[in-house]
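In: predicted model follows, preceded by the sequence.
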Amino acid sequence: MPLEAPWTAKRAKEWDSMTVATWINNSAKSATARKMLTALMNGIYTADPGEVSMLFALFQAKSCGGINAILSTGKGMQNDRIQGGAQLITEKIAEKLGSSVHLNSPVKRIAQETKNVVVSSDAVTVRAKRVIVAVPPSISSRITYEPVLPAERAMLVQRLPAGTAVKCAAIYNEPFWRGDGMSGQSVDLDSLVEVTYDGSPPSGLGTLNAFAFGHKARELARLSSADRKSTFIRQLVKIFGPKASTPVDLTTTGLMRNGREDATWPTGLPALSQNMPPPSGTP
């Protein structure tokens with residue numbers, strides 16, 4: 001798999017003509033193995049395996065050093081977390097930028113002038129020498145570009161949907177599951193809430209993070225807030241016992257709000273694209 005040009009791999013057309021689900025169904029010998037592989041792929045892509053190109057999956061695995069490196073909590077990509085939460089990165093950047101940060105003001109238009117670029121929202125217009133569009137590709141396609149994007153680029157961003165996930169954080173006075181001899185990590189192949197992790201800070205309160213991905217996340221997102229929280233609590237009690245029934249706080253994220261795709265994670269899931277030309281390297 002050539003990382004710089006995966007579409008040139010000898011079997012690229014074959015791999016890109018199938019989904020990860022097709023590969024799982026053809027390769028796994030038992031129903032349990034198929035369920036386990038499906039759950040693992042759901043977590044990696046926050047999407048159903050039937051929504052992911054096999055070529056993309058192989059490219060990502062090769063880029064990351066293999067599936068084990070993606071999934072592993074020991075010297076793998078799941079090994080470290082940011083103390084205080086990943087949102088601290090953007091919060092610290094925002095502190096330095098001050099009043100130049102505009103919230104709740106999505107970009108509507110990007111216009112290229114002779115020497116500058118003009119970025120416009122309903123609330124503000126900014127002129128700059130360069131622009132970085134740092135949103136999921138499918139959302140970037142909602143921006144009006146002048147001049148219009150090259151046809152190949154426009155088609156590409158329409159074919160790169162993000163994944164779908166709903167996350168629950170249940171907070172307790174202490175990480176009681178540790179005292180009960182449990183790690184906080186679980187996988188339930190038959191539940192809407194497939195995965196849990198111990199998300200507790202170094203000391204003090206205990207936090208269990210629970211996740212739903214793909215079509216299961218979309219099913220949860222359709223529930224009322226009360227029913228959604230009840231679903232998470234039932235699953236936590238099922239795995240960790242009655243102590244999990246009374247968190248001091250419980251929040252869910254990854255839901256559709258104000259027409260924005262807050263339920264999408266920017267993993268990038270190329271649809272079958274064997275007829276698409278390779279990217280030119282020019283944004």
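Out: Nice, I can see it.

In: surely Thr164 meets Arg222?
Out: No. Look at Thr164 against Arg222 with C-beta atoms under 8 Å: they stay out of range, at 11.8 Å. Yep, even glycine has a C-beta here, placed from its N, CA and C like the rest.

In: between those two, who's got more neighbours?
Out: Thr164 (28 against 10; other C-beta atoms under 10 Å).

In: can I take it that that one is in a strand?
Out: Yes. Thr164 sits within a strand when classified using DSSP: H, G, I helix; E, B strand; the rest coil.

In: read off the pLDDT value for it.
Out: pLDDT recorded at Thr164 is 83.

In: and what of the one 5 residues further on?
Out: Predicted confidence (pLDDT) at Ala169: the value is 92.

In: chain center to the helix or strand in which it is found: distance?
Out: For Ala169, the host element (DSSP states H and E) is strand 163-172. Distance of strand 163-172 from the chain centroid (C-alpha atoms, centre = their mean, to the nearest Å) equals 12 Å.

In: strand partners of it, parallel vs antiparallel please.
Out: strand 206-213 (antiparallel), strand 249-253 (antiparallel), strand 264-265 (antiparallel) (DSSP bridges).

In: got the phi/psi numbers for Ser63?
Out: Dihedral angles of Ser63 (phi, psi; degrees, to the nearest 10) stand at phi -60, psi -30.

In: find the residue closest to it in space, skipping its chain neighbours.
Out: Leu3 (5.9 Å; C-beta to C-beta, 6 or more residues apart in numbering).

In: buried residues, the strand holding Ala169. List them.
Out: Neighbour-count burial for strand 163-172 flags Gly163, Thr164, Ala165, Val166, Lys167, Cys168, Ala169, Ala170, Tyr172 (criterion: 16 or more other C-beta atoms under 10 Å).
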